[in-house]
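Visitor: Okay, here's the prediction I keep looking at, along with the sequence it came from:
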Amino acid sequence: MEKQEFSLGEYLAGGIEKIIKRAVRATLTDPRKSAFMTRFALSSREAARKHAAAESIGENIPPFLIASITSSCNLHCAGCYSRHNNACNDCAPVDQLTSDDWKSIFTQANELGISFILLAGGEPLIRKDVIEAAGDYPNILFPIFTNGTLLDGEYIKLFGKKRNLLPVFSIEGKQEKTDERRGSGVYIKLKRAMENVQKKHLFFGASITMTAANLREITDKEFLDDLQNSGCRVVIYVEFVPVSEESSFLAPDDKEREYLSERLAAMREEYPDMVFVSFPGDEKSAGGCLAAGRGFFHINSHGGAEPCPFSPYSDINVKDTSLRDALRSPLFRSLRDQSFLTAEHSGGCVLFEKRAEVEAILSAESICE
(Lines give C-alpha, C1' and ligand atoms only; values in the text may rest on other atoms or scores of the structure.)
Protein backbone atom coordinates (compact mmCIF):
# COMPACT_ATOMS: atom_id res chain seq x y z
CA MET A 1 0.00 0.00 0.00
CA GLU A 2 1.40 3.39 -1.01
CA LYS A 3 2.29 5.63 1.93
CA GLN A 4 0.21 8.80 2.01
CA GLU A 5 2.33 11.95 1.75
CA PHE A 6 2.17 14.22 4.77
CA SER A 7 0.38 17.53 4.13
CA LEU A 8 1.35 20.31 6.53
CA GLY A 9 -1.52 22.47 5.31
CA GLU A 10 -4.09 19.78 6.05
CA TYR A 11 -2.47 19.05 9.41
CA LEU A 12 -2.63 22.71 10.50
CA ALA A 13 -6.15 23.25 9.14
CA GLY A 14 -7.38 20.14 10.91
CA GLY A 15 -5.68 21.12 14.16
CA ILE A 16 -7.14 24.62 14.16
CA GLU A 17 -10.60 23.27 13.38
CA LYS A 18 -10.34 20.93 16.37
CA ILE A 19 -9.20 23.76 18.67
CA ILE A 20 -12.07 26.00 17.59
CA LYS A 21 -14.66 23.21 17.91
CA ARG A 22 -13.43 22.45 21.42
CA ALA A 23 -13.51 26.17 22.27
CA VAL A 24 -17.11 26.47 21.04
CA ARG A 25 -18.04 23.41 23.10
CA ALA A 26 -16.23 24.86 26.13
CA THR A 27 -18.35 28.02 25.97
CA LEU A 28 -21.81 26.53 25.38
CA THR A 29 -22.94 27.28 28.93
CA ASP A 30 -22.31 31.03 28.47
CA PRO A 31 -24.14 32.65 25.51
CA ARG A 32 -21.77 35.65 25.38
CA LYS A 33 -18.65 33.53 25.14
CA SER A 34 -20.27 31.06 22.77
CA ALA A 35 -21.50 33.81 20.43
CA PHE A 36 -18.00 35.21 20.06
CA MET A 37 -16.40 31.79 19.47
CA THR A 38 -19.04 30.97 16.85
CA ARG A 39 -18.30 34.23 15.02
CA PHE A 40 -14.58 33.54 15.28
CA ALA A 41 -15.13 30.07 13.81
CA LEU A 42 -16.68 31.70 10.72
CA SER A 43 -13.80 34.17 10.29
CA SER A 44 -11.26 31.35 10.72
CA ARG A 45 -12.80 29.59 7.72
CA GLU A 46 -11.99 32.64 5.61
CA ALA A 47 -8.45 32.52 6.99
CA ALA A 48 -8.22 28.84 6.02
CA ARG A 49 -9.30 29.77 2.49
CA LYS A 50 -6.46 32.31 2.31
CA HIS A 51 -3.98 29.67 3.53
CA ALA A 52 -5.16 27.21 0.87
CA ALA A 53 -4.87 29.85 -1.87
CA ALA A 54 -1.33 30.71 -0.77
CA GLU A 55 -0.34 27.05 -0.58
CA SER A 56 -1.63 26.47 -4.12
CA ILE A 57 1.05 28.86 -5.42
CA GLY A 58 3.78 27.43 -3.23
CA GLU A 59 3.55 29.98 -0.43
CA ASN A 60 3.05 28.96 3.20
CA ILE A 61 1.25 31.37 5.52
CA PRO A 62 1.27 30.11 9.11
CA PRO A 63 -1.90 30.47 11.18
CA PHE A 64 0.01 31.45 14.34
CA LEU A 65 2.25 34.38 15.23
CA ILE A 66 3.98 34.91 18.59
CA ALA A 67 4.48 38.60 19.35
CA SER A 68 6.70 39.69 22.23
CA ILE A 69 5.38 43.21 22.64
CA THR A 70 7.74 44.34 25.41
CA SER A 71 11.12 43.48 26.91
CA SER A 72 10.02 44.62 30.37
CA CYS A 73 8.76 42.37 33.15
CA ASN A 74 7.95 42.88 36.81
CA LEU A 75 9.01 39.34 37.82
CA HIS A 76 12.25 37.36 37.78
CA CYS A 77 11.13 33.78 37.18
CA ALA A 78 13.68 31.02 37.64
CA GLY A 79 14.91 29.60 34.33
CA CYS A 80 13.31 32.35 32.21
CA TYR A 81 14.53 31.91 28.63
CA SER A 82 13.66 35.54 27.76
CA ARG A 83 15.98 36.94 30.42
CA HIS A 84 18.66 34.41 29.51
CA ASN A 85 18.47 35.54 25.86
CA ASN A 86 18.44 39.23 26.91
CA ALA A 87 15.02 39.55 25.30
CA CYS A 88 13.74 40.66 28.69
CA ASN A 89 15.56 42.89 31.16
CA ASP A 90 15.15 45.58 33.81
CA CYS A 91 16.52 48.44 31.70
CA ALA A 92 14.24 51.02 30.13
CA PRO A 93 13.08 49.72 26.71
CA VAL A 94 15.10 51.06 23.77
CA ASP A 95 13.97 51.18 20.14
CA GLN A 96 10.97 48.92 20.68
CA LEU A 97 8.06 48.73 18.25
CA THR A 98 5.44 51.44 18.77
CA SER A 99 1.72 50.81 18.97
CA ASP A 100 1.46 52.01 15.36
CA ASP A 101 4.10 49.46 14.35
CA TRP A 102 2.09 46.71 16.00
CA LYS A 103 -1.13 47.95 14.36
CA SER A 104 0.58 47.59 10.99
CA ILE A 105 1.65 44.05 11.89
CA PHE A 106 -1.87 43.12 13.02
CA THR A 107 -3.37 44.59 9.83
CA GLN A 108 -0.97 42.60 7.65
CA ALA A 109 -1.59 39.45 9.69
CA ASN A 110 -5.33 39.85 9.20
CA GLU A 111 -4.89 40.26 5.46
CA LEU A 112 -2.67 37.18 5.26
CA GLY A 113 -5.11 35.02 7.24
CA ILE A 114 -3.16 34.66 10.48
CA SER A 115 -5.88 33.76 12.99
CA PHE A 116 -3.97 33.59 16.27
CA ILE A 117 -1.45 36.09 17.61
CA LEU A 118 -0.02 35.13 20.99
CA LEU A 119 0.96 38.28 22.90
CA ALA A 120 3.95 37.71 25.15
CA GLY A 121 6.87 39.64 26.62
CA GLY A 122 8.32 40.31 29.11
CA GLU A 123 4.98 40.99 30.74
CA PRO A 124 2.53 42.05 27.99
CA LEU A 125 0.12 43.86 30.33
CA ILE A 126 2.81 46.55 30.59
CA ARG A 127 1.89 47.53 26.99
CA LYS A 128 -1.76 48.51 27.37
CA ASP A 129 -1.52 50.59 24.19
CA VAL A 130 -0.73 47.51 22.12
CA ILE A 131 -3.38 45.36 23.79
CA GLU A 132 -6.02 48.03 23.18
CA ALA A 133 -4.95 48.10 19.52
CA ALA A 134 -5.25 44.31 19.29
CA GLY A 135 -8.86 44.53 20.46
CA ASP A 136 -9.77 46.26 17.19
CA TYR A 137 -9.02 43.10 15.15
CA PRO A 138 -11.98 40.79 15.90
CA ASN A 139 -10.96 38.25 13.23
CA ILE A 140 -7.79 37.49 15.20
CA LEU A 141 -7.76 35.78 18.58
CA PHE A 142 -5.12 37.25 20.90
CA PRO A 143 -4.15 34.95 23.78
CA ILE A 144 -2.25 37.22 26.22
CA PHE A 145 0.36 35.27 28.18
CA THR A 146 0.51 37.13 31.48
CA ASN A 147 1.74 36.52 35.01
CA GLY A 148 -1.54 38.10 36.17
CA THR A 149 -0.06 40.39 38.79
CA LEU A 150 -0.82 43.59 36.82
CA LEU A 151 -4.42 42.77 35.99
CA ASP A 152 -6.71 45.58 37.15
CA GLY A 153 -10.29 46.75 36.74
CA GLU A 154 -9.51 48.65 33.53
CA TYR A 155 -8.15 45.52 31.89
CA ILE A 156 -11.16 43.49 32.98
CA LYS A 157 -13.45 46.10 31.39
CA LEU A 158 -11.39 45.97 28.20
CA PHE A 159 -11.52 42.15 28.04
CA GLY A 160 -15.27 42.34 28.55
CA LYS A 161 -15.70 44.68 25.57
CA LYS A 162 -13.14 43.02 23.30
CA ARG A 163 -13.79 39.28 23.46
CA ASN A 164 -10.92 38.48 21.10
CA LEU A 165 -8.51 39.36 23.94
CA LEU A 166 -7.98 36.18 25.93
CA PRO A 167 -5.92 36.39 29.15
CA VAL A 168 -3.79 33.29 29.65
CA PHE A 169 -2.37 33.16 33.16
CA SER A 170 1.04 31.56 33.74
CA ILE A 171 0.96 29.04 36.56
CA GLU A 172 3.38 26.26 37.49
CA GLY A 173 1.08 24.00 39.47
CA LYS A 174 -0.12 24.53 43.02
CA GLN A 175 1.11 27.28 45.35
CA GLU A 176 4.49 25.77 46.26
CA LYS A 177 5.55 25.07 42.67
CA THR A 178 4.28 28.43 41.36
CA ASP A 179 5.91 30.55 44.06
CA GLU A 180 9.10 28.51 43.82
CA ARG A 181 9.56 29.58 40.21
CA ARG A 182 7.78 32.95 40.06
CA GLY A 183 8.31 34.42 43.50
CA SER A 184 6.68 34.37 46.92
CA GLY A 185 3.07 35.54 46.90
CA VAL A 186 2.59 35.29 43.12
CA TYR A 187 0.21 32.31 43.37
CA ILE A 188 -2.21 34.22 45.62
CA LYS A 189 -2.20 37.22 43.25
CA LEU A 190 -2.73 34.87 40.32
CA LYS A 191 -5.71 33.15 41.92
CA ARG A 192 -7.20 36.54 42.78
CA ALA A 193 -6.84 37.61 39.14
CA MET A 194 -8.64 34.44 38.01
CA GLU A 195 -11.44 35.09 40.49
CA ASN A 196 -11.89 38.66 39.26
CA VAL A 197 -12.04 37.53 35.65
CA GLN A 198 -14.47 34.73 36.47
CA LYS A 199 -16.83 37.17 38.23
CA LYS A 200 -17.21 39.01 34.90
CA HIS A 201 -17.81 35.74 33.01
CA LEU A 202 -14.75 36.25 30.83
CA PHE A 203 -13.10 33.48 28.83
CA PHE A 204 -9.55 32.82 30.07
CA GLY A 205 -6.85 30.20 30.03
CA ALA A 206 -3.75 28.98 31.83
CA SER A 207 -0.22 28.51 30.52
CA ILE A 208 1.81 25.88 32.35
CA THR A 209 5.52 25.24 31.89
CA MET A 210 5.83 21.47 31.93
CA THR A 211 8.97 20.12 33.62
CA ALA A 212 10.11 16.74 34.84
CA ALA A 213 9.47 18.02 38.37
CA ASN A 214 5.86 19.20 38.04
CA LEU A 215 4.44 16.92 35.32
CA ARG A 216 2.38 14.72 37.65
CA GLU A 217 1.04 17.67 39.64
CA ILE A 218 -0.09 19.74 36.64
CA THR A 219 -1.97 16.80 35.12
CA ASP A 220 -3.61 15.43 38.25
CA LYS A 221 -7.34 15.66 38.90
CA GLU A 222 -7.12 17.91 41.96
CA PHE A 223 -5.16 20.59 40.08
CA LEU A 224 -7.34 20.40 36.96
CA ASP A 225 -10.56 20.47 38.99
CA ASP A 226 -9.31 23.63 40.70
CA LEU A 227 -8.60 25.28 37.33
CA GLN A 228 -12.00 24.25 36.01
CA ASN A 229 -13.79 25.56 39.12
CA SER A 230 -11.86 28.83 38.79
CA GLY A 231 -13.41 29.31 35.35
CA CYS A 232 -10.38 28.36 33.25
CA ARG A 233 -11.39 26.91 29.89
CA VAL A 234 -8.07 26.69 27.99
CA VAL A 235 -4.92 24.97 29.28
CA ILE A 236 -1.67 25.30 27.31
CA TYR A 237 1.26 23.13 28.32
CA VAL A 238 4.62 24.59 27.26
CA GLU A 239 7.56 22.22 27.45
CA PHE A 240 10.43 23.55 29.55
CA VAL A 241 13.54 24.40 27.53
CA PRO A 242 16.68 24.53 29.69
CA VAL A 243 18.69 27.74 29.41
CA SER A 244 21.75 26.25 31.10
CA GLU A 245 23.31 22.90 31.87
CA GLU A 246 22.34 23.38 35.53
CA SER A 247 18.63 23.34 34.65
CA SER A 248 18.79 20.56 32.05
CA PHE A 249 17.55 18.00 34.60
CA LEU A 250 14.14 19.73 34.50
CA ALA A 251 13.68 19.08 30.78
CA PRO A 252 11.16 16.28 30.16
CA ASP A 253 12.34 13.14 28.37
CA ASP A 254 10.53 11.01 25.79
CA LYS A 255 8.84 8.90 28.46
CA GLU A 256 7.45 12.01 30.15
CA ARG A 257 6.31 13.48 26.82
CA GLU A 258 4.51 10.24 26.09
CA TYR A 259 2.86 10.41 29.51
CA LEU A 260 1.64 13.95 28.79
CA SER A 261 0.31 12.88 25.40
CA GLU A 262 -1.67 10.06 27.01
CA ARG A 263 -2.98 12.34 29.75
CA LEU A 264 -4.03 14.97 27.20
CA ALA A 265 -6.16 12.40 25.37
CA ALA A 266 -7.78 11.38 28.67
CA MET A 267 -8.25 14.96 29.90
CA ARG A 268 -10.07 15.94 26.72
CA GLU A 269 -12.61 13.24 27.52
CA GLU A 270 -12.77 13.98 31.26
CA TYR A 271 -13.12 17.76 30.83
CA PRO A 272 -15.28 18.37 27.72
CA ASP A 273 -15.77 22.03 28.65
CA MET A 274 -12.01 22.72 28.50
CA VAL A 275 -9.46 22.97 25.69
CA PHE A 276 -6.03 21.36 26.17
CA VAL A 277 -3.07 22.21 23.92
CA SER A 278 0.63 21.30 24.18
CA PHE A 279 3.60 23.16 22.73
CA PRO A 280 5.71 22.15 20.92
CA GLY A 281 3.67 18.94 21.21
CA ASP A 282 4.41 15.84 19.25
CA GLU A 283 6.61 17.05 16.39
CA LYS A 284 6.43 13.64 14.73
CA SER A 285 2.70 14.03 14.09
CA ALA A 286 3.36 17.52 12.67
CA GLY A 287 6.05 16.30 10.30
CA GLY A 288 8.67 18.18 12.31
CA CYS A 289 9.07 21.49 14.11
CA LEU A 290 6.51 24.15 13.14
CA ALA A 291 8.80 27.15 13.71
CA ALA A 292 10.33 29.50 11.09
CA GLY A 293 6.97 29.99 9.40
CA ARG A 294 5.98 26.35 8.91
CA GLY A 295 3.23 26.79 11.49
CA PHE A 296 4.26 29.91 13.39
CA PHE A 297 7.06 32.44 13.84
CA HIS A 298 8.08 35.04 16.40
CA ILE A 299 8.48 38.81 16.31
CA ASN A 300 10.53 40.24 19.16
CA SER A 301 9.89 43.59 20.83
CA HIS A 302 12.34 45.34 18.47
CA GLY A 303 10.73 43.92 15.32
CA GLY A 304 13.16 41.10 14.57
CA ALA A 305 11.47 38.13 12.89
CA GLU A 306 12.73 34.99 14.62
CA PRO A 307 12.01 31.30 14.02
CA CYS A 308 10.79 30.81 17.59
CA PRO A 309 11.10 32.48 21.03
CA PHE A 310 13.50 29.67 21.98
CA SER A 311 15.60 30.43 18.90
CA PRO A 312 16.26 34.20 19.12
CA TYR A 313 18.03 34.66 15.80
CA SER A 314 16.97 37.09 13.10
CA ASP A 315 18.18 38.38 9.76
CA ILE A 316 15.22 40.64 8.97
CA ASN A 317 13.16 43.29 10.77
CA VAL A 318 9.47 43.97 10.17
CA LYS A 319 10.09 47.71 10.56
CA ASP A 320 11.95 47.53 7.25
CA THR A 321 9.80 45.03 5.39
CA SER A 322 6.42 43.28 5.31
CA LEU A 323 5.28 40.21 7.21
CA ARG A 324 5.11 38.32 3.92
CA ASP A 325 8.73 39.19 3.14
CA ALA A 326 9.78 38.32 6.69
CA LEU A 327 8.41 34.82 6.11
CA ARG A 328 10.66 34.61 3.04
CA SER A 329 13.80 35.66 4.94
CA PRO A 330 17.00 33.78 4.04
CA LEU A 331 17.19 32.32 7.56
CA PHE A 332 13.61 31.03 7.52
CA ARG A 333 14.06 29.62 4.00
CA SER A 334 17.29 27.88 4.97
CA LEU A 335 15.71 26.28 8.01
CA ARG A 336 12.74 25.06 5.96
CA ASP A 337 14.49 24.08 2.72
CA GLN A 338 17.41 22.22 4.31
CA SER A 339 15.02 19.90 6.19
CA PHE A 340 16.46 21.43 9.33
CA LEU A 341 13.09 21.46 11.09
CA THR A 342 12.35 17.83 10.28
CA ALA A 343 15.76 16.51 11.28
CA GLU A 344 16.20 13.79 13.88
CA HIS A 345 16.95 15.06 17.38
CA SER A 346 16.69 13.93 20.98
CA GLY A 347 13.27 15.53 21.48
CA GLY A 348 11.87 18.84 22.70
CA CYS A 349 12.91 22.00 20.87
CA VAL A 350 15.01 21.09 17.82
CA LEU A 351 16.11 24.70 17.23
CA PHE A 352 17.34 25.12 20.78
CA GLU A 353 19.16 21.81 20.59
CA LYS A 354 20.76 22.76 17.26
CA ARG A 355 21.38 26.44 18.05
CA ALA A 356 25.03 26.16 16.95
CA GLU A 357 23.85 25.16 13.47
CA VAL A 358 21.36 28.06 13.38
CA GLU A 359 24.18 30.45 14.27
CA ALA A 360 26.28 28.91 11.49
CA ILE A 361 23.53 29.66 8.95
CA LEU A 362 23.49 33.31 10.04
CA SER A 363 27.30 33.49 9.85
CA ALA A 364 27.23 32.07 6.32
CA GLU A 365 24.65 34.71 5.36
CA SER A 366 26.83 37.57 6.63
CA ILE A 367 29.86 36.20 4.74
CA CYS A 368 27.82 36.07 1.51
CA GLU A 369 26.79 39.67 2.00
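Guide: Cool, the structure landed.
Visitor: what packs against the helix or strand hosting Ile156?
Guide: If you go by DSSP states H and E, Ile156 is part of helix 153-161. Counting contacts by 3 or more CB pairs under 8 Å, 6 or more residues apart in numbering; DSSP states H and E, helix 153-161 is packed against helix 128-134, strand 165-170, helix 186-199. In short, each C-beta sits where N, CA and C put it, glycine included.
Visitor: For the host helix or strand of Arg333, what is the distance to the chain centroid?
Guide: Using DSSP H and E, Arg333 sits within helix 330-337. Taking CA atoms, centre = their mean, to the nearest Å, one finds the center of helix 330-337 at 21 Å from the center of the full chain.
Visitor: tell me what it is packed against?
Guide: In terms of contacts (3+ CB pairs under 8 Å, 6+ apart), helix 330-337 is packed against helix 355-368.
Visitor: tell me the angle of the helix it packs on relative to helix 330-337?
Guide: Helix 355-368 runs at 130 degrees relative to helix 330-337, counting by axes from the mean of the first three to the mean of the last three CA atoms, to 10 degrees.
Visitor: Now the phi/psi pair for the nearest residue in space to Arg263 that is not next to it in sequence, please.
Guide: Distances taken as CB to CB, 6 or more residues apart in numbering put Thr219 closest to Arg263, at 4.5 Å, once the chain neighbours are dropped. When read as degrees, to the nearest 10, the backbone of Thr219 gives phi -120, psi 10.
Visitor: circling back: would you list the helices and strands packed on helix 153-161 in CSV and tack on distance to Arg22 and mean neighbour count?
Guide: Conversion of these to CSV gives the following (distance: least, CB to CB, whole Å; neighbours: other CB atoms under 10 Å):
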stretch, distance to Arg22, mean neighbour count
helix 128-134, 23, 20
strand 165-170, 14, 24
helix 186-199, 20, 18
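Visitor: Ok, which of the ones you listed comes nearest Thr211?
Guide: Judged by CB to CB, the one of the helices and strands packed on helix 153-161 that comes nearest to Thr211 is strand 165-170, at 13.4 Å.
Visitor: And the following helix or strand past that closest one, what does it pack against?
Guide: Sequence order places helix 175-182 as the next helix or strand after strand 165-170, per DSSP H and E. Helices and strands touching helix 175-182, by 3+ CB pairs under 8 Å, 6+ apart, are helix 186-199.
Visitor: and the end-to-end length of stretch 167-187?
Guide: 16 Å (CA to CA, to the nearest Å).
Visitor: Show me what counts as buried in it.
Guide: Under the neighbour-count criterion of 16 or more other CB atoms under 10 Å, stretch 167-187 has 167-175, 177-183, 186-187 buried.
Visitor: Other residues contacting that stretch?
Guide: Identification of contacts with stretch 167-187 by CB atoms under 8 Å, 6 or more residues apart in numbering yields 75-79, 143-149, 151, 155, 159, 188, 190, 193-194, 197, 202, 204-209, 213-214, 217-218, 223, 232, 234, 236.
Visitor: and with 7 Å instead?
Guide: Contacting residues not belonging to stretch 167-187 are listed as 75, 77-78, 143-149, 159, 190, 193-194, 197, 204-209, 214, 217-218, 223, 234, 236 [CB atoms under 7 Å, 6 or more residues apart in numbering].
Visitor: now swap in stretch 190-201 and tell me
Guide: Outside stretch 190-201, the residues that touch it by CB under 7 Å, 6+ apart are 30, 32, 148, 151, 156, 160, 167, 169, 171, 178, 204, 230-232.
Visitor: so can I have CSV of those residues showing pLDDT and distance to Glu353?
Guide: Shown next, in CSV, are the contacts of stretch 190-201 (pLDDT from 0 to 100; distance: CB to CB, whole Å):
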residue, pLDDT, distance to Glu353
Asp30, 77, 42
Arg32, 74, 44
Gly148, 96, 31
Leu151, 97, 35
Ile156, 96, 40
Gly160, 92, 42
Pro167, 96, 32
Phe169, 98, 29
Ile171, 97, 27
Thr178, 96, 28
Phe204, 94, 33
Ser230, 95, 35
Gly231, 92, 37
Cys232, 94, 32
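Visitor: any idea how far Val168 is from the residue nearest to Arg263?
Guide: Distance, Thr219 to Val168, using CB to CB, to the nearest Å: 18 Å.
Visitor: in what helix or strand does the residue nearest the centre of the chain lie?
Guide: Nearest to the geometric centre of the chain sits Leu118, at 5.0 Å (CA atoms, centre = their mean). Element membership for Leu118 (DSSP H and E) is strand 116-120.
Visitor: So which elements touch that strand?
Guide: Strand 116-120 is packed against strand 64-68, strand 142-146, with contacts defined by 3 or more CB pairs under 7 Å, 6 or more residues apart in numbering; DSSP states H and E.
Visitor: next SSE after the lowest-mean-pLDDT helix or strand in the chain?
Guide: Ranked by mean pLDDT, DSSP states H and E, the weakest helix or strand in the chain is helix 8-26, scoring a mean of 68. Downstream of helix 8-26, the first helix or strand assigned by DSSP H and E is helix 31-56.
Visitor: got the angle between that next one and helix 153-161?
Guide: Relative orientation of helix 31-56 versus helix 153-161 (the same axes, to 10 degrees): 70 degrees.
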